[in-house]
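Novice: build me a structure from this.
(one chain, ligands or ions: 1)
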Amino acid sequence: MQDDISDRLVKSQKIVFVTGAGISQESGIPTFRGKDGLWRKYDPMKLATIDAFYEDPKLVWEWYEERRSNILNAKPNAGHTTIAELEKYRKVSVLTQNIDGLHQRAGSKNVYELHGSIITIKCTVCDFKDKITSTFSTLPPMCKCGNMLRPDVVWFGEALPQDTWESAIEEASTCDTMIIVGTSLAVSPANLLPVYAKQNGATMIEVNIEKTQMSSQMDLSLQEPAAKALPEILGIILSGKTG
Ligand code: APR
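Specialist: Coordinates of the predicted model:
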């Protein structure tokens with residue numbers, strides 16, 4: 001790593017991570033746009049919509065139940081645990097597009113779930129909302145009020161939870177280092193967060209096994225898996241090493 005980037009990392013006080021499906025790939029959770037992206041013959045981009053849900057709620061729920069079970073059985077990997085570890089030494093927050101809760105399970109405290117949570121279930125009509133980790137015996141599951149339940153996730157075409165989004169902008173606008181991990185940055189508005197950090201003059205680092213549309217705008221673009229690259233970055237920050 002270049003000396004000046006190492007120096008900036010060592011001196012950084014507020015580090016904001018923007019994470020996507022790639023950080024959980026090494027926990028066995030498929031990414032959306034990768035080669036294993038299709039579920040049965042369906043495109044996740046079409047299933048994760050309000051129209052698909054009302055057209056065939058059973059099918060969409062089968063997809064979510066399979067993912068819920070996979071996610072609940074998955075374990076955080078070295079990428080997640082490294083971010084949690086860094087919280088002991090620096091001000092850290094995690095702006096995640098992931099709905100799997102693995103950052104929190106790894107011990108991260110300051111997590112903003114931009115796209116909601118697959119563990120939280122809510123009613124399509126009434127105010128019911130709760131964390132549910134058991135499987136449902138019939139699909140779609142129904143609320144006590146008689147209407148369908150749905151996962152508390154943000155589907156394409158839906159707005160992000162406003163408080164979470166405003167906090168994410170605030171975090172991105174006030175960090176001195178932003179580390180973008182395992183996201184194709186294909187989805188708006190989450191892909192605007194790096195712009196806020198850049199406007200604040202933050203050091204910009206990307207960790208991804210492939211190049212993305214923002215790689216060329218990074219101070220450092222590491223083309224490595226998250227579980228390998230993040231412990232290396234932590235090592236540099238903690239050692240105070242400048243080379
Ligand atoms: N380490 C680092 N990066 C990885 C790894 C890994 N082990 N494996 C895959 N990647 C990278 C891929 O190269 C890709 O750029 O992770 C990225 C995953 O991109 P997407 O599948 O597009 O996932 P994400 O960016 O999180 O998608 C954003 O789209 O479908 C919606 O709401 C869903 O939150 C999701 C959003």
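
Novice: switch to C-alpha atoms for all contacts and neighbour counts from now on
Specialist: Noted.

Novice: which element is S117 on?
Specialist: Using DSSP states H and E, S117 sits within strand 116-123.

Novice: quick one: contacts of that strand?
Specialist: Defining contact as Cα atoms under 8 Å, 6 or more residues apart in numbering, one finds that strand 116-123 is touched by 64, 68, 98-101, 128-133, 143, 147-154, 161.

Novice: that strand vs the ligand: in contact?
Specialist: No. Using Cα under 6 Å from any ligand atom, we find that strand 116-123 stays clear of the ligand, coming within 9.1 Å at best.

Novice: so what strands line up beside that strand?
Specialist: When sheet partners are counted by DSSP bridges, strand 116-123 sits next to strand 129-131 (antiparallel), strand 149-153 (antiparallel).

Novice: now tell me which helix or strand of this structure has the poorest mean pLDDT.
Specialist: helix 44-47 (a mean of 90; mean pLDDT, DSSP states H and E).

Novice: buried residues in it, which are they?
Specialist: 44, 47 (16 or more other Cα atoms under 10 Å).

Novice: again with stretch 109-121
Specialist: Residues of stretch 109-121 classed as buried by neighbour count (16+ other Cα under 10 Å): 110-121.

Novice: residue ranges of the strands in this protein, please?
Specialist: Here the chain has its strands, by DSSP state E, at 14-19, 91-96, 111-113, 116-123, 129-131, 149-153, 177-181, 203-207, 220-222.

Novice: and the angle for the longest helix anywhere in the chain with strand 149-153?
Specialist: If you go by DSSP state H, the chain has its longest helix at helix 57-73. For helix 57-73 against strand 149-153, the angle by axes from the mean of the first three to the mean of the last three Cα atoms, to 10 degrees is 50 degrees.

Novice: what about helix 57-73, distance to the chain center?
Specialist: How far helix 57-73 lies from its chain's middle: 18 Å, per Cα atoms, centre = their mean, to the nearest Å.

Novice: filter the contacts of strand 116-123 down to the buried ones.
Specialist: Applying 16+ other Cα under 10 Å to the contacts of strand 116-123 flags 64, 68, 98-101, 129, 143, 148-154 as buried.

Novice: and these, which two are the farthest apart?
Specialist: Spatial extent of the buried ones among the contacts of strand 116-123 (Cα to Cα) is set by the pair N98 and C143 at 25.2 Å.

Novice: for the ligand, what are the nearby residues on the protein?
Specialist: So the chain meets the ligand at 20-23, 25-26, 31-34, 45, 97-98, 182-185, 187, 207-210, 225-226 (Cα under 6 Å from any ligand atom).

Novice: in helices, which of those fall?
Specialist: Counted as lying in helices by DSSP H, out of the residues of the chain next to the ligand, are 21-23, 25, 45, 226.

Novice: which one of those is nearest to A78?
Specialist: Nearest to A78 among those is A226, at 7.9 Å by Cα to Cα.

Novice: so that closest one is in contact with I179, correct?
Specialist: No. A226 is not in contact with I179 according to Cα atoms under 8 Å; the separation is 10.9 Å.
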